[in-house]
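Trainee: Below are the sequence and a predicted model; questions follow.
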Amino acid sequence: MGIGELARLAGVSVKTVRFYSDEGLLPIAERSSGGHRRYGRQALERLRGIRDLRALEMPLPEVAAVLEDEPGGTGLAAALTARLAEVSGRLSALRWREAALRALAEAPGSERPALLRQLGALPQPPDTGALARFWRRVLPVRLPSRVREAVVDAAVPDLPRDPTPGQAVTAARLHTLASDSGFAADVRRANGRTVGRGDLVRLYDGLGNAYALGAAKLDAGIEPEPGEALDAFAGAFAQGHGEADTPEFRVGLLTMIRASDDPRLGLYWRLVHDLQGGGPATMGAAHAWLVAGLACSAPTPAPALPGHARVSASDGAAGEQWT
């Protein structure tokens, strides 16, 4: 059949048939004596298949792969999975844009310029790259990559796919905070003083266990107290510093942690808590619970620094220096 008849039967334009032919998706059976393209009957089903796949916005390379796959093969399933992932990502990006627009529309006029600056700095579509880079900068250089990535995974929250306007603002504030190079430098120096020069793997593995125990206590509504979680916390630092976990060591540990405290990390963990819509205690909240327990159990309480608030189990957003 000629190109016009093929286009009519498939419900597409002649220009479309010519394009697919030139791209190699639609083979030409022969040419007439006048040089016109002629197509076999199998070209009609192939053209309809191309039309249907392109209606799903499937790229031409994927269309070609599907067409060359055996009937009932995995090519179409793989292509559909890829398209679903792409569409889902685009929808999520639109939901984030809607949430940001609503946040700006609902904000008082005097606050909109500053809010617009923060929301405008958030990547589109939003991601947590700045947060991951922050933690990789502040962690000790000699920390093994396995441990480093475990800390990053625990410290960087997942972004909601369907955010509220408040969560969009929170994500923008987190991005701004984590992008502050001065903040990262201060935390890196504080961590250097706190972790010491001992066995970092034992220190961080022990802290991971202590934070898990502390978070479980916090989620259960238990006030800071001596016990397994606190022993794991102090023991991790003792092992990391190559010292014995004695009452005197705990007093010194409490003083050292409080001296390294940075209120901006407390803000970071509160924002993470808000972004997650509440839920389980954050790692920062678990740290604060353990430090409060350390203060309660120390035989000679270390002096409280200004603004160092007591942590209660009901304050799931609390957080301070995470070492």
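Mentor: Sure, I can see it. Numbering: from 1, shown residues only.
Trainee: contacting residues for the nearest residue to Ala10 once chain neighbours are set aside?
Mentor: Leaving aside its sequence neighbours, Ala10 sits nearest to Leu47 (Cβ to Cβ, 6 or more residues apart in numbering; 4.5 Å). From N, CA and C alone the C-beta is placed, and that goes for glycine too. Shown in contact with Leu47 (Cβ atoms under 8 Å, 6 or more residues apart in numbering): Leu6, Ala10, Val12, Val17, Tyr20, Leu26.
Trainee: Name the surrounding residues that touch the host helix or strand of the fifth one.
Mentor: In this structure, Tyr20 sits in helix 14-22 according to DSSP states H and E. If you take Cβ under 8 Å, 6+ apart as the criterion, helix 14-22 is touched by Ile3, Gly4, Leu6, Ala7, Ala10, Leu26, Pro27, Ile28, Arg37, Leu47, Ile50, Arg51.
Trainee: Buried ones only from those, please, as a ChimeraX command.
Mentor: With 16 or more other Cβ atoms under 10 Å as the criterion, this ChimeraX line picks the buried residues out of the contacts of helix 14-22:
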select :3,6,7,10,26,37,47,50,51
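Trainee: any chance of the contacts of helix 14-22 in JSON lines, plus distance to His241, pLDDT and secondary structure?
Mentor: Shown next, in JSON lines, are the contacts of helix 14-22 (distance: Cβ to Cβ, whole Å; pLDDT from 0 to 100; DSSP: H, G, I helix; E, B strand; the rest coil):
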{"residue": "Ile3", "distance to His241": "80", "pLDDT": "91", "secondary structure": "helix"}
{"residue": "Gly4", "distance to His241": "84", "pLDDT": "92", "secondary structure": "helix"}
{"residue": "Leu6", "distance to His241": "79", "pLDDT": "93", "secondary structure": "helix"}
{"residue": "Ala7", "distance to His241": "78", "pLDDT": "93", "secondary structure": "helix"}
{"residue": "Ala10", "distance to His241": "75", "pLDDT": "93", "secondary structure": "helix"}
{"residue": "Leu26", "distance to His241": "72", "pLDDT": "90", "secondary structure": "coil"}
{"residue": "Pro27", "distance to His241": "73", "pLDDT": "85", "secondary structure": "coil"}
{"residue": "Ile28", "distance to His241": "77", "pLDDT": "82", "secondary structure": "coil"}
{"residue": "Arg37", "distance to His241": "80", "pLDDT": "87", "secondary structure": "strand"}
{"residue": "Leu47", "distance to His241": "73", "pLDDT": "93", "secondary structure": "helix"}
{"residue": "Ile50", "distance to His241": "67", "pLDDT": "93", "secondary structure": "helix"}
{"residue": "Arg51", "distance to His241": "69", "pLDDT": "94", "secondary structure": "helix"}
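Trainee: Which one of the contacts of helix 14-22 is nearest to Asp231?
Mentor: Nearest to Asp231 among the contacts of helix 14-22: Ile50, at 66.9 Å, using Cβ to Cβ.
Trainee: now the helices for the stretch 101-250 of the chain?
Mentor: 112-121, 129-138, 145-155, 165-178, 181-195, 200-219, 228-241, 247-259 (DSSP state H, counting those that start in this stretch).
Trainee: What helices and strands are in contact with the fifth one?
Mentor: Pointing back at helix 181-195 there. helix 129-138, helix 247-259, helix 263-275 (3 or more Cβ pairs under 8 Å, 6 or more residues apart in numbering; DSSP states H and E).
Trainee: which of these sits most buried?
Mentor: helix 263-275 (a mean of 21; mean count of other Cβ atoms under 10 Å).
Trainee: follow-up on the earlier one: could the contacts of helix 14-22 go into CSV alongside distance to Leu213?
Mentor: Formatted as CSV, the contacts of helix 14-22 follow (distance: Cβ to Cβ, whole Å):
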residue, distance to Leu213
Ile3, 73
Gly4, 76
Leu6, 70
Ala7, 70
Ala10, 66
Leu26, 64
Pro27, 67
Ile28, 71
Arg37, 73
Leu47, 64
Ile50, 59
Arg51, 60
